[in-house]
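Visitor: when you get a sec, could you give me coordinates for this:
(2 chains)
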Amino acid sequence: MSATQAPAKPAPARAPSRWARALDSDLLYSFRRSPLAVGSATVALILILAAVLAPWIAPQDPTNVANLNLLNSFNPPLPLEGSDWTFPLGTDEQGRDVLSAIMFGSRISLIVGAASVIFAVVVGVAVGLLAGYAGGMVDAFLMRAADVQLTFPSILMALLVDGVVSAELPRNLHATFQIYVLIFAIGISRWPQFARTVRGSTLVERNKDYVMAARLIGLGQVRIMATHILPNVLGPVLVLGTLTLGLAILDEATLSFLGVGLPPTQPSLGTLIRIGDDFLFSGQWWVTIFPGVALVLMVLSINLLGDWLRDALNPRLR
Amino acid sequence: MLAFIVSRILQAIPVLLVIGFVSFAMFAYVGDPVTIMLGQDYTEAQRIALVHQLGLDQPFFVQYAKFIWAALHGNFGMSYRLAQPVAGLIAQRLPATLELVAVATVFSLAIGIPLGVYTGIYRNAKLARLGMALSLIGVSLPTFLIGILLILFFSVLLGWLPSFGRGDTVRIGTWWTTGLLTVSGLRALVLPAITLGLFQLTLIMRLVRAEMLEVLRTDYIKFARARGLSNHAVYFGHALKNTLVPVITIVGLQIGGIIAFSLVTETVFQWPGMGLLLVQSVAVADIPVMSAYLLLVGVVFVLINLIVDLLYYAVDPRLRVDRATAGAAR
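Guide: Model (predicted):
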């Protein structure tokens, strides 16, 4: 009897899952190849995790007054004499641990930054889609408005919006609503860039066949914009959004530093820098410098990631 | 060419009107000048008298017209916080800001352009790479942090330069005060000018570098080299001229950024300029100052954009040729 057996049937080929395709993608490959991207992503991830998990992993809760001991005030950071292992980065004038203050502060900075970018993206993408799809007077008017706003620097815009809204709010509501006012002000100052980018892409997509097909079968205009055009214009929005996140965090820090941002009861990194600035001359430099370093690291890593993403997604560079 | 100028001017006018309108709306409707000026206890008769005196009972357009008319005459109302005419406050602060902006721009051009040329020519030298990395960090550093670091090093640790104020100033003419004529004024100007100019510097450096790289690839540069011109002649005689044109226009457009960053710089160094005035006014909702600032700054921006547009037109012959051929073809 021949020992030959029928050759085993090859396993039926299955399409690779989404996860497998993602792991195999060009984007991930170029990410792994670029030490700058991996490095900045790691730093950003560490900072974001520290901020998100702050209520659980911070050594001291700076908002809880019972934790504070005035005898601990103005401890210098570790290598210097008079420092303490429980306060590795030193303490401020009330005995608050600078490290914990930074963690809670970055939490607020990130929340305000992310929320303002989301606000700017929503408004900008909506306006851009509308202007690009509708064309004509609507387009001219909306883009003119965006252009006018772009001539103003965003920090000035945010400052004025912040001032006007704060003037309208009754004084006792200031502290509670300040964070929303700030998100609104920064978001409003940053939408035109998104609108222009999306409008440009929409103008290109509008003339393509699939849009014409959608119109021919009678889909409503809003539906076409939202389900057909929108997914195809989001690529540049992602890159712009990442870069704007860094800028929004800087805007918030600047506004808080100027005194019109978050109050000391809910301090962001900018507020911490402002409070610490008062002690620079008496020699307690760590109260302002360490929050500053944290801010720079956060913005720098986000900027580098955004730069890498822009180069990776640019079809002309591949 | 005239059509171009006129069309640009016509486009600028609605923008000016919108700015004026927003400024007036802020002035008239935000906050309540009556409560602010009269305090908490006032009789109805007093309120009516003040409303009539301030002209608040007139129809909207009449108030708007009076606002614009007064603004054109230099009358911007009274500051709530300082109880002084806003125009006077602005006139007092303007020289400080203008000097700071001018010195910062000169600083950024004087160092940015040579650095840009150097990093453009010697692309891969270690110093050039270092310069590019530093410029990236410069973009991520907020202006106030730069100011604080400079204060830390040069004022606190080294004690070489003052960290706040303007030093002694000399009055020239009726209202211009300058710090450039006194030693303490010059010393006080150094750190704020560096802080303000640093962002501009990184921008200019990257721009000049990019332009140099572009220009050095062109044919006429290759031909100049083939002819045997020295490096010096090629770079500075031919290449540099062509890189400077976009730089000048970008610097003009960046005036907006400089004015915004001057807000922060003046706050860090307590520089008595218009930026500090605005920040202090926003903190206490002093609306007349805010709306006057918006009006002035808006007009300045629109004018600068107009001038830069016209400069582009004057400098780039392609814009002119197209119109000429279009006109001739008809």
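
Visitor: name the nearest residue to residue B:188, sequence neighbours excluded.
Guide: residue B:167 (3.7 Å; Cβ to Cβ, 6 or more residues apart in numbering or on different chains). C-beta: built from backbone N, CA, C; applies to glycine.

Visitor: ditto for residue A:162
Guide: Residue A:162 sits nearest to residue A:185 (Cβ to Cβ, 6+ apart), 4.4 Å away.

Visitor: just residue B:147 next, same as before
Guide: That would be residue B:268: by Cβ to Cβ, 6+ apart, it lies 3.7 Å from residue B:147.

Visitor: so after whatever helix or strand that neighbour lives in, what's the next helix or strand?
Guide: Assigned by DSSP states H and E, residue B:268 belongs to helix B:255-269. Heading C-terminal from helix B:255-269, the first helix or strand you meet, by DSSP H and E, is helix B:274-283.

Visitor: tell me the buried residues in that next one?
Guide: Using 16 or more other Cβ atoms under 10 Å in any protein chain shown as the test for burial, helix B:274-283 gives B:274-282.

Visitor: between it and helix B:255-269, how big is the angle?
Guide: 80 degrees (axes from the mean of the first three to the mean of the last three Cα atoms, to 10 degrees).

Visitor: quick one: list the elements packing against helix B:274-283.
Guide: Judged by 3 or more Cβ pairs under 8 Å, 6 or more residues apart in numbering or on different chains; DSSP states H and E, helix B:274-283 is in contact with helix A:154-168, helix B:86-121, helix B:255-269, helix B:287-315.

Visitor: before we move on, back to that, got the CA coordinates for the helix holding residue B:268 in PDB?
Guide: Provided in PDB are the C-alpha atoms of helix B:255-269 (Å, rounded to 0.1, in the frame of the first residue of the first chain):
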ATOM      1  CA  ILE B 255       3.900  92.100  13.900                       C
ATOM      2  CA  GLY B 256       0.700  90.600  15.200                       C
ATOM      3  CA  GLY B 257       2.700  87.900  17.000                       C
ATOM      4  CA  ILE B 258       5.100  90.500  18.400                       C
ATOM      5  CA  ILE B 259       2.300  92.600  19.800                       C
ATOM      6  CA  ALA B 260       0.800  89.500  21.400                       C
ATOM      7  CA  PHE B 261       4.100  88.400  22.900                       C
ATOM      8  CA  SER B 262       4.700  91.900  24.100                       C
ATOM      9  CA  LEU B 263       1.700  91.400  26.400                       C
ATOM     10  CA  VAL B 264       3.500  88.600  28.100                       C
ATOM     11  CA  THR B 265       7.000  90.100  28.100                       C
ATOM     12  CA  GLU B 266       5.700  93.400  29.600                       C
ATOM     13  CA  THR B 267       4.000  91.400  32.300                       C
ATOM     14  CA  VAL B 268       7.000  89.400  33.200                       C
ATOM     15  CA  PHE B 269       9.300  92.400  33.300                       C
END
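
Visitor: pLDDT averaged over it, what's the number?
Guide: If you average the pLDDT over helix B:255-269, you get 84.

Visitor: elements contacting that helix?
Guide: Checked by 3+ Cβ pairs under 8 Å, 6+ apart, helix B:255-269 has helix A:154-168, helix A:230-258, helix B:86-121, helix B:143-150, helix B:183-216, helix B:274-283, helix B:287-315 packed alongside it.

Visitor: list the buried residues for whichever helix or strand comes after the third one?
Guide: So the one you mean is helix B:86-121. With elements assigned by DSSP H and E, the helix or strand that comes after helix B:86-121 is helix B:126-140. Buried residues in helix B:126-140, counted by 16+ other Cβ under 10 Å: B:128, B:131, B:135, B:138-140.

Visitor: deepest of the helices and strands packed on helix B:274-283, which one?
Guide: helix B:255-269 (a mean of 24; mean count of other Cβ atoms under 10 Å in any protein chain shown).

Visitor: got TSV for the helices and strands packed on helix B:274-283, with distance to residue B:242 too?
Guide: As requested, the helices and strands packed on helix B:274-283 are arranged in TSV below (distance: least, Cβ to Cβ, whole Å):
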stretch	distance to residue B:242
helix A:154-168	32
helix B:86-121	12
helix B:255-269	23
helix B:287-315	11
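
Visitor: and those helices: which comes nearest residue A:140?
Guide: helix B:287-315 (17.9 Å; Cβ to Cβ).

Visitor: which elements pack onto that closest one?
Guide: Partner elements for helix B:287-315 (3+ Cβ pairs under 8 Å, 6+ apart): helix A:136-151, helix A:154-168, helix B:2-29, helix B:86-121, helix B:240-253, helix B:255-269, helix B:274-283, helix B:317-329.

Visitor: now do 6 Å
Guide: Applying 3 or more Cβ pairs under 6 Å, 6 or more residues apart in numbering or on different chains; DSSP states H and E, we find helix B:287-315 packed against helix B:2-29, helix B:86-121, helix B:240-253, helix B:274-283.

Visitor: least confident of the ones you listed, on average?
Guide: helix B:240-253 (a mean of 75).

Visitor: that one and chain A, are they touching?
Guide: No - residues of helix B:240-253 are not located near chain A by Cβ under 6 Å from any Cβ of the partner chain, the shortest gap being 8.6 Å.

Visitor: so which bits of that helix are buried?
Guide: B:240, B:243, B:246-247, B:249-252.

Visitor: thinking again about what came up before, and chain A, which of the buried residues of helix B:126-140 reach it?
Guide: Within these, those near chain A by Cβ under 6 Å from any Cβ are residue B:140.

Visitor: identify, from the buried residues of helix B:126-140, the entry nearest to residue A:216.
Guide: residue B:139 (47.7 Å).

Visitor: if we can go back for a sec, closest one to residue B:40 among the helices and strands packed on helix B:274-283?
Guide: Among those, if distance is taken as Cβ to Cβ, the winner is helix A:154-168, at 17.6 Å.

Visitor: now the helix or strand just after the closest one: how far from the chain's centre is it?
Guide: Next along the chain after helix A:154-168, taking DSSP H and E as the criterion, comes helix A:174-206. Distance of helix A:174-206 from its chain centroid, counting by Cα atoms, centre = their mean, to the nearest Å, is 13 Å.

Visitor: on that earlier part again, of the buried residues of helix B:274-283, closest to chain A?
Guide: For the buried residues of helix B:274-283, the closest approach to chain A (Cβ to the nearest Cβ) belongs to residue B:282, at 3.8 Å.
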